[in-house]
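A.B. asks: after the sequence you'll find the predicted model.
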Amino acid sequence: MIEQAPHRMGRETAHRRFLRIGIDALVVALVALNWIATQLVAAALHYPPFFMGRIVGGIYQPFAWWWWQYHWPRNSVQLGHSIIPLERAWTLCHHIVFYPAISIVVIGAVVSGLLLKTRGAADLYGAAAWGEAADAKETDLLW
């Protein structure tokens, strides 16, 4: 473990900055991916009136597909003369949300590990040994 001087402990390191930005980016990516999945399912099913989570018109809340999957896990929807099983829609949503999220987490973990491994030198100076008279004479501190 690398030691740091107390006067430098308050600074944000590259690793902490990466983690802070990475976690923020992961949250934004998860919300965006869930919103995309919700909108795709709603559009594919022609915005059925029984779907919950509608904000305005054809725009739904980002995580609405989770509610739909909970309420209608194995149901089917009739559109015109076609019957569409919803189970395939939920599988598509899982692929849209979870595969990119898992990839982002794995890449972030690798980069975070590399940042931890490549820390700079210790922030301490000297050998932590007391000098003797000969050392003081070498530095011209004593005559």
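C.D. replies: Done, it's in.
A.B. asks: which parts of the chain are strands?
C.D. replies: Along the chain, the segments classed as strands by DSSP state E run 54-56, 59-60, 76-79, 82-85.
A.B. asks: reformat those strands as CSV; add mean neighbour count.
C.D. replies: All C-beta atoms are positioned from the backbone trio N, CA, C, and that covers glycine. Formatted as CSV, those follow (neighbours: other Cβ atoms under 10 Å):
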stretch, mean neighbour count
strand 54-56, 10
strand 59-60, 18
strand 76-79, 12
strand 82-85, 10
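A.B. asks: worst mean pLDDT among those?
C.D. replies: Confidence, taken as mean pLDDT, is least for strand 76-79 of these (a mean of 76).
A.B. asks: and that one, which strands flank it?
C.D. replies: strand 82-85 (antiparallel) (DSSP bridges).
A.B. asks: got a list of contacts for the partner strand?
C.D. replies: Strand 82-85 has contacts (Cβ atoms under 8 Å, 6 or more residues apart in numbering) with 44-45, 74-78.
A.B. asks: dump the residue contacts of the residue most central in space within the chain.
C.D. replies: Residue closest to the mean C-alpha point of the chain, counted by Cα atoms, centre = their mean, is residue 26 at 2.6 Å. With contacts taken as Cβ under 8 Å, 6+ apart, residue 26 has the following neighbours: 101, 104-105, 108.
A.B. asks: ok, it to residue 92 distance?
C.D. replies: Separation of residue 26 from residue 92 (Cβ to Cβ, to the nearest Å) stands at 21 Å.
A.B. asks: do residue 100 as well
C.D. replies: Where residue 92 is concerned, residue 100 sits at a distance of 13 Å (Cβ to Cβ).
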